[in-house]
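[1] one predicted model, sequence on top.
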Amino acid sequence: MTGVFLGLFLIAAPATADTLDDAAKRGSLKVCVVEGAPYAMKTPSGRWIGHEIDIGQRLATDFGLTPEFVPVSYADMMSRLGKGDCDLISASLAIEPDRLRQAWFTTPYSESEVAIVAAGAAPVRMADLDKADVVIGAVAGSPAVLLTRSKLPAATVEEFPDLLAAERALQGGAVAALAHKAPIPRLVAVRSPERYVVVEGEPLARTADAFAVRKGDADLLNVLNGWVEARKRDGFLPRTNSYWLTTLDWTERLKPRAPAAAKK
Amino acid sequence: MTGVFLGLFLIAAPATADTLDDAAKRGSLKVCVVEGAPYAMKTPSGRWIGHEIDIGQRLATDFGLTPEFVPVSYADMMSRLGKGDCDLISASLAIEPDRLRQAWFTTPYSESEVAIVAAGAAPVRMADLDKADVVIGAVAGSPAVLLTRSKLPAATVEEFPDLLAAERALQGGAVAALAHKAPIPRLVAVRSPERYVVVEGEPLARTADAFAVRKGDADLLNVLNGWVEARKRDGFLPRTNSYWLTTLDWTERLKPRAPAAAKK
Amino acid sequence: MTGVFLGLFLIAAPATADTLDDAAKRGSLKVCVVEGAPYAMKTPSGRWIGHEIDIGQRLATDFGLTPEFVPVSYADMMSRLGKGDCDLISASLAIEPDRLRQAWFTTPYSESEVAIVAAGAAPVRMADLDKADVVIGAVAGSPAVLLTRSKLPAATVEEFPDLLAAERALQGGAVAALAHKAPIPRLVAVRSPERYVVVEGEPLARTADAFAVRKGDADLLNVLNGWVEARKRDGFLPRTNSYWLTTLDWTERLKPRAPAAAKK
């Protein structure tokens, strides 16, 4: 657990920092995103789309700014934020204790469910997986790891560096199931319904997902908290959360378009 | 949009400010209010009544203080707050990005709906107004302006300096409808049901309404946030919001009373 | 009301304070608790159990720390917190104005109901108690005092220094009823159903209960706010609140166990 406390002083904002004033001078809001479906994805033509992209776009526009998306990883996001590479992290980050030690979190702007998709076509219940010979994959550092260990104590959790590696392990049969944030489990099952099935019943857990800002950046924190309250009420956040986190309609936007020349 | 960023440094509290300590020494809590129904209104006898008056009264009393209501306008409220003419603004202010740049907002203490009242006695649907020849009035600077433009893109929005001017335009036929916060649209329709009707269906939007304090006034922000949580749970805020924002019972209190001499 | 404003400057954290860093160096999180059912109780074997104990245990563990419970009283808790005897107060403290003047409160982690238990076996309604000859007991300084005065204006409220004294007054017939936070009223009635009955209908009030930290301790406030959001969503807080505040199952854990030697 000591790793949690490394770099305690990295993410403190200088007392004179005024993140939004600096952004206004620059004309852009720098938003750290972590590439991954359905949060921040590149279309075949290289354009960013996703849950965090729609949110970052609206947030920047609301303050008269242009969004500048800065791709980071879960491993380096906190140091990138601390160094000022971005003004905030928008990655549907589940609020978790180790993250709270490294940055300040806003009021949650969405909730996510952690669910399990299992190999097989017949219905699978949670109890079917809570056995000593079952191996369940999860992405290292994600809340799914601890949640699976806690809810399915008899099973073995195998950690993978990223979602792609975990999905390959499921495809190759190295793990019997994959625990991850919604809508990934459902997306895997919808793509190959003859091979995968979402585990029935309650999700493993729900997480509260929020923006992260540098510790001490009280003004940006207050601005973002207010923005979240306003955009919850006016329908923007419910609509955006619903589209990206509960439907799979957006998958169409990732398909390569037929070249114009081929059209009649 | 650059106008949004004017006066960035106006509303910062000095590091040593202790708003509530100063209020305690003075014995009064100075509350900026914007005159308008049903928020802050003068009775024929010159007494303040309204949603914000009840809230400011309770807030001050809870801290052993007398409320001192300071009338301001939407145009100057932020500079008045910044200059210290009041300790906070209580005006059921919808949390909006340009306002978040100028002050810190608390946890919302109420929600408002923005609705439309139209001339006519027959039922009117939203789609009936989304036409090129329809002019809809709204108060300049209110969320209703942008909301109407966004929801009824074919119609024309005409801005008025205040609610009185907008109501006169509706009465005179200069605009076909008026978009404003509840309960005003319903109030207009109830007063002259043969002439006006509230547009059917969902309201244009819901807003989150909160107190504004000077940027940096972290102590007052925390005190007000806690007060809102406590008064939501104990029934005071739900009761006060319901009375002023969903009933029209309070209109009785604005009528001149019969002189005592005329009574038997 | 002036007593509210005594000791205004007592509870301010020094600008350089980093409560969680200090706790990490020490290895423990110091949590002020107020002894009382069902919040913080000692088992016959001297072990702490209760609502706040489970919460403090989980909170400390989540940050890699050991919880250290520091018993305080309602009378001295704020000065103890101010002196640094603990890092936070966890006592299901109802957020109330006088407390907001002395410490910063987090997002509420539970809600409590204030209810009334009356002497007698026949059903009792609220209106039955709102009479000039009825005396109702409550603990001095608890929200129940003001709530009872406000809801039952005809009755007399008698204040007692602590819950034990108030319960004795009920048993001895000095008061006809006792107003207190749930689940105490129900607990009294369940123990002696032939002697006491919970008053029917809506509870007197609901309170929002939160952690208190030193004024100025913005980092710990943000960490705790995030922790509350996370533990609400993942089920820990709903489960813990339900067990301690709505069931009486925990009363079993306070009974002395039969000595091991007596077992067959």
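    It's in.

[2] wait, is A:M78 part of a helix?
    Yes: counting by DSSP: H, G, I helix; E, B strand; the rest coil, A:M78 is found in a helix.

[3] what's the neighbour count on it?
    Neighbourhood size, A:M78 [other Cβ atoms under 10 Å in any protein chain shown]: 22. For the C-beta atoms, the positions are set from N, CA and C on the backbone; glycine is no exception.

[4] and it, how far is that from chain C?
    Separation of A:M78 from chain C (Cβ to the nearest Cβ, to the nearest Å) stands at 14 Å.

[5] swap in A:V134?
    Distance, A:V134 to chain C, using Cβ to the nearest Cβ: 22 Å.

[6] close enough to count as contact, that residue and A:P153?
    No: taking Cβ atoms under 8 Å as the definition, A:V134 is not a contact partner of A:P153, at 11.4 Å.

[7] more crowded one of those two?
    Ranked by neighbour count (other Cβ under 10 Å), A:V134 and A:P153 place A:V134 first, with 17 against 8.

[8] not counting its neighbours along the chain, what's nearest that one?
    Sequence neighbours aside, A:A155 is the residue nearest to A:V134 in space, at 4.3 Å (criterion: Cβ to Cβ, 6 or more residues apart in numbering or on different chains).

[9] distance between the lengthiest helix in chain A and the chain's centre?
    Counting residues, the longest helix found in chain A (DSSP state H) is helix A:218-233. Distance of helix A:218-233 from the chain centroid (Cα atoms, centre = their mean, to the nearest Å) equals 19 Å.

[10] got the angle between the next helix or strand after that helix and helix A:218-233?
    Toward the C-terminus, helix A:218-233 is succeeded by helix A:236-246 as the next helix or strand (DSSP states H and E). Note on geometry: by axes from the mean of the first three to the mean of the last three Cα atoms, to 10 degrees, helix A:236-246 and helix A:218-233 are set 80 degrees apart in direction.

[11] hmm, back to that, any chance you could list residues touching both of A:V134 and A:P153?
    The contact sets of A:V134 and A:P153 do not overlap (Cβ atoms under 8 Å, 6 or more residues apart in numbering or on different chains).

[12] what's near enough to touch the residue nearest to A:V134?
    A:L129, A:D130, A:K131, A:A132, A:V134, A:V135, A:I136, A:T148.

[13] confidence score at the second one?
    Listed pLDDT for A:D130 reads 95.

[14] how is chain A carved up into domains?
    With automatic domain parsing as the criterion, the domains of chain A are listed as A:2-111+A:208-254, A:112-206.

[15] how long is the last one end to end?
    As for domain A:112-206, its first-to-last residue distance stands at 5 Å under the measure Cα to Cα, to the nearest Å.

[16] same question for stretch A:127-137.
    Taking Cα to Cα as the criterion, the two ends of stretch A:127-137 lie 17 Å apart.

[17] flag every buried residue along that stretch.
    Judged by neighbour count (16 or more other Cβ atoms under 10 Å in any protein chain shown), stretch A:127-137 contains these buried residues: A:D128, A:L129, A:V134, A:I136, A:G137.

[18] if I pick the residue nearest the centre of chain A, what's in contact with it?
    With distances taken as Cα atoms, centre = their mean, chain A has A:S92 as the residue nearest its mean C-alpha position (4.2 Å). Shown in contact with A:S92 (Cβ under 8 Å, 6+ apart): A:Y39, A:H51, A:E52, A:S110, A:S112, A:K181, A:D209.

[19] give the PyMOL command for selecting the buried subset of those.
    Buried residues within those, by 16+ other Cβ under 10 Å, are selected in PyMOL with:
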select buried, chain A and resi 39+51+52+110+112+181+209
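
[20] so A:D54 sits in a strand?
    No: A:D54: not assigned to a strand; according to three-state DSSP it is helix.

[21] mind listing what it touches?
    A:T240, A:W244.

[22] could you report the pLDDT at it?
    Per-residue confidence (pLDDT) for A:D54: 98.

[23] what are the buried residues along stretch A:36-45?
    Result for stretch A:36-45 [16+ other Cβ under 10 Å]: buried residues A:G36, A:A37, A:P38, A:Y39, A:A40, A:M41.

[24] turn the residues you listed into CSV, including secondary structure, distance to B:E96 and pLDDT.
    Converted to CSV, those look like this (DSSP: H, G, I helix; E, B strand; the rest coil; distance: Cβ to Cβ, whole Å; pLDDT from 0 to 100):
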residue, secondary structure, distance to B:E96, pLDDT
A:G36, strand, 32, 87
A:A37, coil, 32, 87
A:P38, coil, 28, 92
A:Y39, coil, 26, 94
A:A40, strand, 27, 96
A:M41, strand, 30, 95
